[in-house]
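S.K.: coordinates only, sequence not included:
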């Protein structure tokens, strides 16, 4: 089974308007609601690709209940912890030629509530996959990802980490199966500018030297790079299409990669599937569907 963890789930309220005018009443042309957070995005795309997973994390208040109900209606298994205080966040995404985002803060997680998550994670079995995705609320210990992975070291599970900065760098000593920083995040980790594919490969390998087994670097419109634990290096371009949505493309890449790799154990095919899934999300208003991914696979 695949388990995803989202520490700060959200309702994404997306509105489209011709122009956002400050200090005035604005009316939108259309609107949509999505249930998000990086781990939830991974679970959603996995479901769209026919792969089951369990979405873990924290929800609170009426918005948290809406997130849980929405995911269950979509056929996604959930096992959230309901917090006693606060509400799950609402992120407002305004699309008016340019994208403007107002992201909510989210509820505070108490120490006892965090312990409940560790208890749930203790039931993960050998052979399972754990996806830790996204930043963590400021109220949580900065080493929570490390603590989670350390608590599961005796189990033979594959851990995927999609995070930034020290949150990612500090877990490398536990040899995660896959990490997926983007080009900018890779440069920030090493405080350097990455100007060429060669630069990206060089610094991706440095992440391997620090402990990562497989390193997947997304490069937006320039494609992606994969450095595998078997010593293979792959680069891939992107599918052709019009970008409509920047939210969830990286999470979709992780989901597509896992869906393919767990089935075929082929890194090159997994990279292609991940790229198609990421592009399918970027080219649509919502997250990647199986039909869209299959169409794009033919063009990559």
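M.R.: Ah, there it is. As the structure is a computational prediction, the values presented were derived from the model and not from experiment. Numbers count the residues shown, from 1 in each chain.
S.K.: CA atoms for contacts and neighbours, from now on please.
M.R.: OK.
S.K.: tally of neighbours for the nearest residue in space to residue 237 that is not next to it in sequence?
M.R.: Distances taken as C-alpha to C-alpha, 6 or more residues apart in numbering put residue 223 closest to residue 237, at 4.1 Å, once the chain neighbours are dropped. Neighbour count for residue 223, taken as other C-alpha atoms under 10 Å: 16.
S.K.: tell me what the helix or strand of the chain with the lowest mean pLDDT is packed against?
M.R.: The least trusted helix or strand in the chain, going by mean pLDDT, DSSP states H and E, turns out to be strand 98-102, with a mean of 88. Strand 98-102 is packed against strand 89-96, with contacts defined by 3 or more C-alpha pairs under 8 Å, 6 or more residues apart in numbering; DSSP states H and E.
S.K.: now the strand it packs on against strand 98-102, angle please.
M.R.: Strand 89-96 runs at 160 degrees relative to strand 98-102, counting by axes from the mean of the first three to the mean of the last three C-alpha atoms, to 10 degrees.
S.K.: contact partners of strand 89-96?
M.R.: With contact meaning C-alpha atoms under 8 Å, 6 or more residues apart in numbering, strand 89-96 is reached by 8-20, 63, 99-107.
S.K.: from those residues, which ones fall inside strands?
M.R.: In this view, those that belong to strands under DSSP state E are 10-16, 99-102.
S.K.: so where's this protein uncertain?
M.R.: By pLDDT under 70, the chain contains no weakly predicted segment.
S.K.: which residues in it form strands?
M.R.: Going by DSSP E, the chain shows strands at 2-6, 10-16, 30-36, 53-59, 77-78, 81-82, 89-96, 98-102, 129-133, 158-162, 178-179, 214-218, 224-227, 233-236.
S.K.: can you pull out the helices in the stretch 201-300 of the chain?
M.R.: Counting by DSSP state H, counting those that start in this stretch, the segments of the stretch 201-300 of the chain that form helices are 249-264, 267-282, 290-297.
S.K.: Which positions in the last one come out as buried?
M.R.: To tie it back to what came earlier, the one meant is helix 290-297. The neighbour-count check on helix 290-297 (16 or more other C-alpha atoms under 10 Å) flags 290, 292-293, 296-297 as buried.
S.K.: And stretch 264-271, by the same measure?
M.R.: Buried residues in stretch 264-271, counted by 16+ other C-alpha under 10 Å: 267-268, 270-271.
S.K.: do stretch 28-48 as well
M.R.: Within stretch 28-48, the residues that count as buried by 16+ other C-alpha under 10 Å are 34-48.
S.K.: Ok, stretch 67-76 next?
M.R.: Across stretch 67-76, burial judged by 16+ other C-alpha under 10 Å covers 67-68, 71, 76.
S.K.: ok, residues contacting that stretch?
M.R.: Applying C-alpha under 8 Å, 6+ apart, the external contacts of stretch 67-76 come out as 9-11, 35, 43-44, 47, 52-55, 59, 77-78, 80.
S.K.: Quick check: of those, which lies closest to residue 163?
M.R.: Distances from residue 163 to these, taken as C-alpha to C-alpha, are shortest for residue 9 (15.1 Å).
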